[in-house]
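J.: Got a sequence here, can you build the structure:
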Amino acid sequence: MLAAQCVQFGIMGIANLILGGINGFVSALVSITRNLICLKWELTTPIKIGIISIQAVLALSINRSGVIGILPGLSACICTWFLDTKDEIKLKMVIIIAQVCWLIYDRSILNYVSFAFDIITILANLIGIVLIVRQRKTV
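T.: Numbers count the residues shown, from 1 in each chain. The predicted structure is shown next:
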């Protein structure tokens, strides 16, 4: 999953760069780096804090878009902190929150393809939560 997500972040990052979304591009690069680290080593709390610190410093230092410009970095920080969560519902909620950040950002830079995928991802995770809850009730 993390390797496939690296490809997704690469495509998103390039699209953001083309559309002038430098914040999204940098956030995608840090997320790719995080995923590559996760593939090679365990995601410990010190590593999480390091990645989140790098993401936060970069997001704040390159931001020229106000609150909206911070959203990709915020999304990456949230995902980094909760990436190793074992609770499926909690993980899906984190993905939804992170994707809402991207949804707002993608709309602001007129990245309509990513915007559409953001909506699909949010809906897929909401459906996943409903299915998990229903399954738990029947067990």
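
J.: and the helix ranked longest in the chain, what does it pack onto?
T.: In the chain, taking DSSP state H as the definition, the longest helix is helix 112-138. For helix 112-138, the packing partners by 3 or more C-beta pairs under 8 Å, 6 or more residues apart in numbering; DSSP states H and E come out as helix 2-18, helix 88-108. C-beta coordinates here come from the backbone N, C-alpha and C atoms, glycine included.

J.: C-alpha coordinates for the helix or strand following the shortest one, PDB please?
T.: Moving toward the C-terminus from helix 2-18, the first helix or strand encountered (DSSP states H and E) is helix 22-40. C-alpha atoms of helix 22-40 as PDB (Å, rounded to 0.1, in the frame of the first residue of the first chain):
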ATOM      1  CA  ILE A  22       4.200  24.400  -4.300                       C
ATOM      2  CA  ASN A  23       2.900  23.600  -0.800                       C
ATOM      3  CA  GLY A  24       1.200  20.400  -2.200                       C
ATOM      4  CA  PHE A  25       4.300  19.500  -4.100                       C
ATOM      5  CA  VAL A  26       6.600  19.800  -1.100                       C
ATOM      6  CA  SER A  27       4.100  17.900   1.100                       C
ATOM      7  CA  ALA A  28       3.900  15.100  -1.400                       C
ATOM      8  CA  LEU A  29       7.700  14.800  -1.400                       C
ATOM      9  CA  VAL A  30       7.900  14.600   2.400                       C
ATOM     10  CA  SER A  31       5.100  12.000   2.300                       C
ATOM     11  CA  ILE A  32       7.000   9.900  -0.200                       C
ATOM     12  CA  THR A  33      10.100  10.100   2.000                       C
ATOM     13  CA  ARG A  34       7.900   9.100   5.000                       C
ATOM     14  CA  ASN A  35       6.500   6.100   3.100                       C
ATOM     15  CA  LEU A  36      10.000   5.000   2.000                       C
ATOM     16  CA  ILE A  37      11.200   5.200   5.600                       C
ATOM     17  CA  CYS A  38       8.200   3.200   6.700                       C
ATOM     18  CA  LEU A  39       9.000   0.500   4.100                       C
ATOM     19  CA  LYS A  40      12.500   0.200   5.400                       C
END
